[in-house]
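After the sequence you'll find the predicted model.
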Amino acid sequence: MARKPENVSWFGVTPEQAKILDEFDHYGNNGWDRNSQTEALMPALLRDAADAGLTVAVIREKMESMGYDRRATHQLVRWERKRTTGKFGK
């Protein structure tokens, strides 16, 4: 688990995008693993991110810059597949 220090800001994003990234960081405490909480939260959060112009690639980059490992951020790709296809992807 990695968490952004409170005195650190997201670089190169709008305030709306920063708020969404903060939510991803908050829910990343379990590495975005699939469970009942993430089933309820992740599709909507990814939709909000897409609506705000944040791609999964950018989200992964920002989360990895804060210390999340690639295994954890790969879960975001799987959630995006669930959001777009209805199936939790590999």
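That came through, no problem.

show me what contacts the residue nearest the centre of the chain?
Most central in the chain under Cα atoms, centre = their mean is Phe24, positioned 4.0 Å from the mean C-alpha point. When contacts are counted by Cβ atoms under 8 Å, 6 or more residues apart in numbering, Phe24 touches 32, 45, 49, 59, 62-63, 76. Quick note: C-beta positions are derived from backbone N, CA and C, even for glycine.

Repeat the analysis, applying 7 Å as the threshold.
Phe24 is in contact with 45, 59, 63, counting by Cβ atoms under 7 Å, 6 or more residues apart in numbering.

just for the chain, where's the confidence low?
Along the chain, segments meeting pLDDT under 70 span 1.

let's see it at 90
Counting by pLDDT under 90, the ranges of the chain that qualify are 1-9, 11, 29-31, 37-38, 40, 66, 86-90.

Just the helices from it, written as ranges.
Using DSSP state H, the helices of the chain run over 15-27, 36-51, 56-65, 70-85.

can you put those in TSV and add distance to Pro5?
Compiled in TSV, the helices of the chain are given as follows (distance: least, Cβ to Cβ, whole Å):
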stretch	distance to Pro5
helix 15-27	10
helix 36-51	21
helix 56-65	12
helix 70-85	18
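
out of everything not next to it in sequence, what's closest to Tyr68?
Ala2 (4.7 Å; Cβ to Cβ, 6 or more residues apart in numbering).

my read: that neighbour touches Gly67, true?
Yes - because the distance of 3.2 Å satisfies Cβ atoms under 7 Å, Ala2 is recorded as touching Gly67.

Give me the more crowded residue out of the two.
Set Ala2 next to Gly67 and count neighbours by other Cβ atoms under 10 Å: Ala2 wins out with 15 against 12.

Against Leu76, how distant is that one?
As judged by Cβ to Cβ, to the nearest Å, Ala2 and Leu76 stand 13 Å apart.
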